[in-house]
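**Q** 3D model of this:
(chains A and B)
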Amino acid sequence: MELASKYNPSDVESKWYQYWLENGFFKSKPDGREPYTIVIPPPNVTGVLHMGHMLNNTIQDILVRRARMLGKNACWVPGTDHASIATEAKVVNKLAQEGIKKTDLTRDQFLEHAWEWTHKHGGIILEQLKKLGASCDWDRTGFTMDETRSKSVLKVFCDLYSKGLIYRGVRMVNWDPQALTALSDEEVIYKEEHGKLYYLKYYLAEDNGTGETGAEGEIVHRDAKGRYAVVATTRPETIMGDTAMCINPKDTKNRWLSGKKVIVPLVNRVIPVIEDEYVDIEFGTGCLKVTPAHDVNDYMLGEKYNLQTIDIFNDNGSISEAAGLYVGKDRFEVRKQIEIDLQNGGLLEKVEAYTNKVGYSERTNVVIEPKLSMQWFLKMEHLAKIALEPVMKDELKFYPPKYKNTYRNWLDNIKDWCISRQLWWGHRIPAYFLPEGGYVVAETPEKALELAKQKSGNAYLKIEDLRQDEDCLDTWFSSWLWPISLFDGINNPGNEEIKYYYPTNDLVTGPDIIFFWVARMIMAGYEFEGQMPFRNVYFTGIVRDKLGRKMSKSLGNSPDPLELIEKFGADGVRMGMMLSAPAGNDILFDEALCEQGRNFNNKIWNAFRLVKGWNVDEKLAQPEYAKIATDWFQEQLNKTIIEINDCFEKYRISEALMAVYKLFWDEFSSWYLEMVKPAYQQPIDKATYDITLSYFEVLIKLLHPFMPFITEELYQAIKDRDDKDSIMVSLVPKATEYCEKTISKMEVSKEIIAGIRNIRAEKGISPREAFSMYYKGDYCEKNNSIIEKLANIDKIEEAKSALNGATASIMVGTIEIMIPLGNNVNVAEETKKMEEEIKYLEGFLISVDKKLGNEKFVANAKPEVVENERKKKADAKSKIATLKANIEKLK
RNA sequence: GGGUGUGUAGUUUAAUGGUAAAACAUCAUCUUUACAUGGUGAUUUUAGCGGUUCAAUUCCGUUCACGCCUACCA
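**A** Residues are numbered from 1 along each chain as shown, chains lettered A, B, ... in the order given. Got it, this is the predicted structure:
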């Protein structure tokens, strides 16, 4: 077989992916084997593949492929997420381009557009994952809004409602007065704005002059009309909604206001002075006006002190009837007018220039208005409690564990989850309002009608009389069920699949959604299945560019993953991502990493070409050097397999990859193959050839989870195979022990060989010129034939007496290796080098001596540590003596 | 502002209470018969300060820098 000198990934990748698909190697059904399950973090239907997905899914594929090769029943379930907010925004934009406004459509019409959009774009990202080599069971592909998942969501909502965990409540939302919709926090952009700070006079009601204590630091304002408090505000137009004034109980300068009542300027409403530590003593005058309907923090104060709430705005941002003044006028117009009116009324102490941050709508660019609205909430206390302990006790493990802290912190300070969204795209809240007030919650309208009849006592109610809540559920309210709902565990509890695949094994995701998603899945897992949803969570880093910036469309710094695959091959890109992607650390992505990956592909390819290019002579006996090499490599292989297993157990995937990388490149290619390689154009013996091929096969099996394509290509090229014999369903060899002695002896030999090669390089002596080698010290002759072959040595002997003539010498541990050089030696240079070595060793000796001379060290340190220091001292002394003798000899 | 995490060669990472390791990059050198997408070799490191200890990169405190979460201050 003729093989090209370079590996060309695009030739083989699609071919093998197709082969795997056609043979159903990705599919999983429950059977007697141990299951290994991963559910994919479902990408948005709006999304296209980005580098974060590449990293995340590469890791999942590595884990799944490895589990499969360990003989487990591996099941990787793919799917997508409906992403309420993002998708609805995309659809609204698309319609806008066609000149259609969302408000012109009915809910059903809009949903039709949204489904159309989803069908068109929703699958793109999954198709892209196939290019990466993802071994998902595609028949199982789920979608958070498909029938099974939707039913699960509604059932869970009803269940939680009946348990009393879901309630309706008022909450401050970001209101867009132009789009007439609530926005999520993510859709609000804060901008610095130059505004004014208005200082308003709030006169005391029924002022009888008591309250002043004359205490130090107390500041009392008074004028002809009496005493007053000064309140600083950026929004004077909201005074119509004021229902209290608040001071800090520790604020001495305002102590005199405690327990008093004050009059809202212009409005003339009498409001109480309340006290709360929330107020910043240093800001303005330390007096805060409280407008519970129009400020988030004021709302909290309102709740706490049971204040009246006056909503002074209409939905479009004009002043409402409730305000009593300026009714119908726009909020910004009123701000100008009220300044004048306050001034004229003598109610404005002063005005200062002030810069603050104001929220704008991302969509309409108008100033958002905090607004109270009715929302659905899920109580978190119980769920947080059941989700915290398993993680803290490491029953469910986080990698890296530092995220346990973050997790606990969030659960300890958890607030109830607002699960309603003012959107159409999503699961509509299954709450139905009765004509005469009140509501019922049920999975279907029919069930709702039954409940409504019971509740109202009206047997003649019809479905049309019920009005379903307009809002839909937060997307995470469906994703938190993902590991359960994918196996239909909500609708069909205890079914065969959920029993077999749940709990899943590993979850691979980013730390940025630890609360949104991971924590909530853990809650749902324990609440609905009574068990953890996954045993381990692997947090990947965030992929950044090489300057450390997040990859974003606006910066244009994100490479197109498909172009990268085109350029370096999927294996090369996977490898490039994994080489520097330890758990939880951000990866600074650089194309050079993929280049390294591609180079590795090429190395593997060429190693294969070499081996396959040898001619085998069946009659040839195995040479001694080959026997030694094959015996050694078996041990080296076992050692690395154990190392890799250990890395995987600790989820150190990039380290596992580095271990295989070095095994292949350094140990196998640079050492082993050079050891067994026959002389130029000579044949190789059969025993060595066969075992070399078998090593090669083991190596590509170890590499397969990381680089699925090239390894399948070579697996099939080693020999003709049965159609069902794919590397991806083969078993990787196990190793439990290895011979450390064999390996360490070879390490010494390798050092000697490298040292001799180095002598040649430094002296400019050709590798073809054979040397003789003499040794002193604790040398083992076992690997002589290897050293002779790789260092071109014609004779190895113990140096019984001093050697005549110029010699180069190297120290390997305490063994001294000497090479007679004839005339090839530069005395001055050689002496200088040895003197430098002596200088270093003497410095080393001083530090060791200092330590050993320290009585406290000898008394307190562990005996083996002291013993080790003594040995270091002896070794260093002996080395120095040898070097000094060598210098003498050169003179 | 509050909380939390992280600082180790130029870069990305590893390790240890006992003289800090690897990969890439850089430089030098080698056109030796699989691979110049190769070989050989060299250079370079514990953020600052203080403490505990015989001994600190490791443990503790603090400063600085950066990241993340959260609240954004009327």
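
**Q** low-scoring pLDDT stretches of the stretch 701-850 of chain A, where are they?
**A** A:823-825 (pLDDT under 70).

**Q** go again using 80 as the cut-off
**A** A:762, A:801-806, A:813-814, A:822-837, A:839-847, A:850 (pLDDT under 80).

**Q** Skipping adjacent residues, who's closest to A:Phe664 in space?
**A** Residue nearest to A:Phe664 in three dimensions, not counting chain neighbours: A:Leu699, with 5.5 Å by CB to CB, 6 or more residues apart in numbering. Using the backbone N, CA and C atoms, a C-beta is placed for each residue, glycine as well.

**Q** Report the secondary structure element holding the one you found.
**A** Applying DSSP states H and E as the criterion places A:Leu699 in helix A:686-703.

**Q** Which strands and helices lie in contact with that helix?
**A** helix A:591-613, strand A:616-617, helix A:624-649, helix A:653-662, helix A:673-676, helix A:708-718 (3 or more CB pairs under 8 Å, 6 or more residues apart in numbering; DSSP states H and E).

**Q** next structured bit after the last one?
**A** Right, helix A:708-718. The element immediately downstream of helix A:708-718 (helix or strand, assigned by DSSP H and E) is helix A:740-763.

**Q** Return the set of buried residues in the helix or strand following that next one.
**A** Per DSSP H and E, helix A:740-763 leads on to strand A:771-776 as the next helix or strand towards the C-terminus. Neighbour counts over strand A:771-776 (16 or more other CB atoms under 10 Å) mark A:771, A:773-776 as buried.

**Q** contacts for the following helix or strand past strand A:771-776?
**A** Once strand A:771-776 ends, the next helix or strand along the chain (criterion: DSSP H and E) is helix A:784-791. Outside helix A:784-791, the residues that touch it by CB atoms under 8 Å, 6 or more residues apart in numbering are A:623-625, A:628-629, A:674-675, A:746, A:749, A:752-753, A:756-757, A:771, A:773, A:793-794, A:796.

**Q** In ChimeraX, how would I select the buried members of the residues you listed?
**A** In ChimeraX, a selection of the buried entries from those looks like this (16+ other CB under 10 Å):
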select /A:623,625,628,629,675,746,749,752,753,756,771,773,793,796
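
**Q** So which of the contacts of helix A:784-791 reach RNA strand B?
**A** Restricting the contacts of helix A:784-791 to those near RNA strand B by CB under 7 Å from any atom of the strand leaves A:674, A:757.

**Q** In the sheet, which residues pair with whichever residue of the stretch 301-450 of chain A sits closest to RNA strand B? Tell me.
**A** Residue of the stretch 301-450 of chain A nearest RNA strand B, by CB to the nearest atom of the strand: A:Asn356 (3.8 Å). On the basis of DSSP bridges, A:Asn356 is bridged to A:Glu193.

**Q** now stretch A:644-662, how far from the chain's geometric center?
**A** 18 Å (CA atoms, centre = their mean, to the nearest Å).

**Q** can I get the CA coordinates of it in CSV?
**A** The C-alpha trace of stretch A:644-662 is given here as CSV (Å, rounded to 0.1, in the frame of the first residue of the first chain):
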residue,chain,number,x,y,z
ILE,A,644,-3.9,7.9,31.8
ASN,A,645,-6.5,6.0,33.9
ASP,A,646,-5.5,8.0,36.9
CYS,A,647,-5.8,11.3,35.0
PHE,A,648,-9.3,10.4,33.8
GLU,A,649,-10.4,9.4,37.2
LYS,A,650,-9.4,12.9,38.4
TYR,A,651,-10.9,14.4,35.2
ARG,A,652,-7.5,15.8,34.2
ILE,A,653,-8.2,15.3,30.6
SER,A,654,-5.6,17.5,29.1
GLU,A,655,-3.0,15.8,31.2
ALA,A,656,-4.2,12.4,30.0
LEU,A,657,-3.8,13.7,26.5
MET,A,658,-0.3,15.0,27.2
ALA,A,659,0.6,11.5,28.6
VAL,A,660,-0.5,9.8,25.4
TYR,A,661,1.1,12.5,23.3
LYS,A,662,4.5,11.9,24.9
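
**Q** Buried by neighbour count: which residues of the helix holding A:Leu699 qualify?
**A** Within helix A:686-703, the residues that count as buried by 16+ other CB under 10 Å are A:687-689, A:691-693, A:695-703.

**Q** quick one, what contacts A:Lys297?
**A** I think there's a mix-up here, since residue A:297 is Asn and not Lys. Counting by CB under 8 Å, 6+ apart, A:Asn297 touches A:Tyr278.

**Q** element containing it?
**A** Per DSSP H and E: A:Asn297 is located in helix A:296-305.

**Q** State the mean pLDDT of that helix.
**A** In this model, helix A:296-305 has a mean pLDDT of 84.

**Q** Where does pLDDT dip in the stretch 351-500 of chain A?
**A** Where the stretch 351-500 of chain A drops to pLDDT under 80, the residues are A:355, A:362-364.

**Q** which bits of it sit near RNA strand B?
**A** Proximity of the stretch 351-500 of chain A to RNA strand B, by CB under 7 Å from any atom of the strand, involves residues A:356-357, A:402, A:405-406, A:409-410.

**Q** 6 Å instead, please
**A** Neighbours of RNA strand B within the stretch 351-500 of chain A, by CB under 6 Å from any atom of the strand: A:356-357, A:402, A:405-406, A:409.

**Q** Now the two most distant members of the residues you listed.
**A** Comparing every pair within these by CB to CB identifies A:Asn356 and A:Lys402 as the most remote, at 35.8 Å.

**Q** Now distance to A:Ser785 too, for the helices and strands packed on helix A:686-703, in a markdown table please.
**A** Formatted as a markdown table, the helices and strands packed on helix A:686-703 follow (distance: least, CB to CB, whole Å):
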| stretch | distance to A:Ser785 |
| --- | --- |
| helix A:591-613 | 21 |
| strand A:616-617 | 19 |
| helix A:624-649 | 4 |
| helix A:653-662 | 25 |
| helix A:673-676 | 9 |
| helix A:708-718 | 28 |
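
**Q** Between those, which one is closest to A:Asp875.
**A** Using CB to CB, the helices and strands packed on helix A:686-703 put helix A:624-649 closest to A:Asp875, at 26.1 Å.

**Q** Okay, buried residues for that closest one please.
**A** A:625-630, A:632-645, A:647-648.

**Q** which secondary structure elements does it contact?
**A** When contacts are defined as 3+ CB pairs under 8 Å, 6+ apart, helix A:624-649 packs onto helix A:653-662, helix A:673-676, helix A:686-703, helix A:740-763, helix A:784-791.

**Q** Pull the residues that contact stretch A:120-133.
**A** Residues outside stretch A:120-133 that contact it (CB under 8 Å, 6+ apart) are A:13, A:17, A:43-49, A:53-54, A:57-58, A:61, A:78, A:80, A:136, A:138, A:141, A:143, A:561-562, A:565, A:570-571, A:573-574, A:708-709.

**Q** again with stretch A:358-374
**A** Identification of contacts with stretch A:358-374 by CB under 8 Å, 6+ apart yields A:89, A:168-179, A:182-183, A:187-191, A:193, A:195, A:293-296, A:299, A:309, A:311, A:313, A:317, A:331, A:422.

**Q** And those, which of them are buried?
**A** Buried among those (16+ other CB under 10 Å): A:89, A:171-177, A:179, A:182-183, A:187, A:293-295, A:299, A:309, A:313, A:317, A:331, A:422.

**Q** Which members of these are positioned in strands?
**A** Among those, DSSP state E puts A:171-176, A:182-183 in strands.

**Q** shouldn't A:Arg574 be in contact with A:His704?
**A** No. Counting by CB atoms under 8 Å, A:Arg574 stays clear of A:His704, with 11.4 Å between them.
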